[in-house]
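[1] This is a predicted model, with the sequence first.
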Amino acid sequence: MTCKGQLIIRPFVEGRDEIAWVSITNEYLSHFLGPDYIPRSQEDMEWLKKSPWYNPDGMFVAELEGEPIGAISVDVDERAGRRHGTISIELRLRYVGTEYERQMLLFSLENLRLRGIPYARTWVRDNMVERIKLLEAEGFKKVRSFSMMKMRLSEFKHEIGECRHIWFRPIEPTRNSDIGLLTFLLNEAFKGQFGFRPTTVEENKAWLSQPSKELYGVFAYWDKTPVGYIVLEVSKKLVEAGRKVGEVSSIGVLRPYRRLGVGTALLLEGLKWLREYGIEEAMLETDDDNPTKAKRLYEKVGFKVAYKEFVYERPVSLH
């Protein structure tokens, strides 16, 4: 497409831009993520506004002749230090691969430069061909690969090395002590892994209170000691649309209890809940270079790689 008009990028305005933001995000992500994408709604936007992650200072709208065509997030997570900023750009499909998309990316880099952030990161799915071309043309390098894995719950396997010593207790999201325990286990399990920074109790409360999802989790105990957890998600929207799919949102085991079948037992317990809920397909995402070799566990249970997601990075200033 020939770029005829001047692109204007301005700050997100609360009470004015929510509808356009949701519409643009849904158009872009539903195209590339297909039936796995959970459409966002105004209810989700209101939940986000009340969450610990909401920061309108890093949100921008790209307009062409007064029409919003792009939604830009430039996030700097202060809890992760100020080394990286994360860029997210969604736009109307007819503008994908145009100079306008490039202008949004350059704007995001300049925003990070002005904020004193040295590196930029962004995520893409393997089928976002135009975005990947743009990133590589602008000096981004692929630094990490993640696999989205899926399995049919009709292929559920047992007797594959799951630990018989542990017992389970459901997570009660309204109990502060349970949220505190989940926060501790999650942070200990993922400490030192790619992109890790400690989560907070407030963040995990928000995570487990998403209005459009049914969430279920369990703790694993070795005698009286909590040693791991798993959290499952089911999108009410996908179920209503006839997509009987659920997700392993997070799973973790403390280091001293790894290689003992605890993770296998947790995963099987979670998949059993999904199947009892009426779900037919489970999915999860894993770091291909996860030091715990989690991908091998998922393959053992029956998961197979469906597609890839990549992390791209570059210095904000190349000179």
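    Arrived safely, thanks for sending.
[2] hey, let's count contacts and neighbours off CA atoms from now on
    OK.
[3] Which of the three states applies to Thr122?
    When states are read from DSSP: H, G, I helix; E, B strand; the rest coil, the local structure at Thr122 comes out as strand.
[4] That one pairs with what?
    According to DSSP bridges, Tyr312 are recorded as the beta-bridge partners of Thr122.
[5] In space, what's closest to Ser154 - neighbours in sequence excluded?
    On the basis of CA to CA, 6 or more residues apart in numbering, the spatially nearest residue to Ser154 that is not a chain neighbour turns out to be Glu280, at 7.0 Å.
[6] what sits against that neighbour?
    Neighbour list for Glu280: Arg152, Leu153, Ser154, Lys244, Val245, Gly246, Leu274 [criterion: CA atoms under 8 Å, 6 or more residues apart in numbering].
[7] Inside strands: which ones of those?
    For the contacts of Glu280, the ones inside strands are Arg152, Val245, Gly246, with DSSP state E as the criterion.
[8] Which of those sits closest to Arg197?
    Minimum separation from Arg197 among the ones in strands among the contacts of Glu280 (CA to CA) is found for Gly246, which lies at 25.8 Å.
[9] one step back: between the ones in strands among the contacts of Glu280, which has the most around it?
    When these are compared by neighbour count (other CA atoms under 10 Å), Gly246 ends up highest, at 29 neighbours.
[10] And the contacts of Glu280, which two are furthest apart?
    Ser154 and Gly246 (13.5 Å).
[11] In which helix or strand does Gly97 reside?
    Under DSSP states H and E, no helix or strand contains Gly97.
[12] I figured it hits Arg131, correct?
    Yes. Gly97 is within contact range of Arg131, at 6.9 Å (criterion: CA atoms under 8 Å).
[13] between those two, who's got more neighbours?
    Neighbour tally, Gly97 and Arg131, criterion other CA under 10 Å: the higher count belongs to Arg131, 20 against 17.
[14] model confidence over the host helix or strand of the more buried one, on average?
    When elements are defined using DSSP H and E, Arg131 is found to belong to helix 129-137. The predicted model gives helix 129-137 an average pLDDT of 98.
[15] Kindly report the same for stretch 275-286.
    On average, the pLDDT along stretch 275-286 is 96.
[16] repeat for stretch 9-26
    Per-residue pLDDT over stretch 9-26 has a mean of 96.
[17] Report the buried residues of the helix or strand where Arg169 lies.
    In this structure, Arg169 is located in strand 167-170 according to DSSP H and E. Buried residues in strand 167-170, counting neighbours by 16 or more other CA atoms under 10 Å, are found at Trp167, Phe168.
[18] Same question for stretch 57-70.
    Neighbour-count burial for stretch 57-70, counted by 16+ other CA under 10 Å, picks out Gly58, Met59, Phe60, Val61, Ala62, Glu63, Pro68, Ile69, Gly70.
[19] Only C-alpha atoms, please: export that stretch in PDB.
    Backbone C-alpha positions of stretch 57-70 (Å, rounded to 0.1, in the frame of the first residue of the first chain) are rendered in PDB as follows:
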ATOM      1  CA  ASP A  57       1.500   6.500  30.100                       C
ATOM      2  CA  GLY A  58       2.900   3.800  27.900                       C
ATOM      3  CA  MET A  59      -0.200   3.500  25.600                       C
ATOM      4  CA  PHE A  60      -0.600   5.300  22.300                       C
ATOM      5  CA  VAL A  61      -3.000   5.500  19.400                       C
ATOM      6  CA  ALA A  62      -1.900   5.800  15.800                       C
ATOM      7  CA  GLU A  63      -4.300   7.800  13.600                       C
ATOM      8  CA  LEU A  64      -4.600   8.400   9.900                       C
ATOM      9  CA  GLU A  65      -6.900  11.200   8.900                       C
ATOM     10  CA  GLY A  66      -8.600  11.100  12.300                       C
ATOM     11  CA  GLU A  67      -9.200   7.300  12.100                       C
ATOM     12  CA  PRO A  68      -7.500   5.100  14.700                       C
ATOM     13  CA  ILE A  69      -5.500   2.400  12.900                       C
ATOM     14  CA  GLY A  70      -3.000   1.300  15.500                       C
END
